[in-house]
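Participant: coordinates only, sequence not included:
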């Protein structure tokens, strides 16, 4: 098997690094916009102890200083009842100013926060 030339590998590495940096930049911009618009009580995250997406959402919102509350369906009976009442299909399920968002969808959260306030 013939390996690609070193310049091709370098190009792939540069493109990968640039796209990773761009995604990080966009995530930080989203965080800044949310942190400016969100008030305490606007976002509630219903999560699960074993959910890696919940962990990622929690870390991101904490790092970006986006206020939110959280409950876990395994530990809190009212949380589980709310989860079931929402007809949620997975975690995290976020309630953003009364609107259900299944999964951590920054664009949808920004849309709801921007349109509601």
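Facilitator: Structure's in. What do you need? What you see is a predicted model; the values in this text were computed from it and never measured.
Participant: for this structure, what are the low-confidence residue spans?
Facilitator: The chain contains residues with pLDDT under 70 at 1, 3-6, 8-28, 115-117.
Participant: Strands of that one, start to end?
Facilitator: Taking DSSP state E to define them, one finds strands in the chain at 43-47, 69-72, 93-96, 99-102.
Participant: would TSV of those strands with distance to residue 2 and mean neighbour count be doable?
Facilitator: No exception for glycine: its C-beta is placed from N, CA and C like everyone else's. TSV is the format used below for the strands of the chain (distance: least, CB to CB, whole Å; neighbours: other CB atoms under 10 Å):
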stretch	distance to residue 2	mean neighbour count
strand 43-47	49	22
strand 69-72	52	16
strand 93-96	49	22
strand 99-102	47	16
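Participant: Compare those and give me the one nearest residue 7.
Facilitator: Between residue 7 and these, the shortest separation by CB to CB is 43.9 Å, and it involves strand 99-102.
Participant: want to throw the strands of the chain into TSV with distance to residue 80?
Facilitator: Listed next are these as TSV, based on distance: least, CB to CB, whole Å:
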stretch	distance to residue 80
strand 43-47	9
strand 69-72	9
strand 93-96	11
strand 99-102	15
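Participant: With respect to residue 83, which of those strands lies nearest?
Facilitator: When those are ranked by proximity to residue 83 (CB to CB), strand 43-47 comes first, at 5.0 Å.
Participant: residues in contact with residue 71?
Facilitator: The neighbours of residue 71, taking CB atoms under 8 Å, 6 or more residues apart in numbering as the test, are 44, 45, 46, 47, 78, 79, 82.
Participant: ok, the residue nearest to residue 74 when sequence neighbours are not counted - contacts?
Facilitator: Taking CB to CB, 6 or more residues apart in numbering, and ignoring the residues beside it in sequence, residue 74 has residue 49 as its nearest neighbour in space, at 5.1 Å. Contacts here follow CB under 8 Å, 6+ apart; on that basis residue 49 touches 72, 74, 75.
Participant: Having no further points to raise, I will conclude here.
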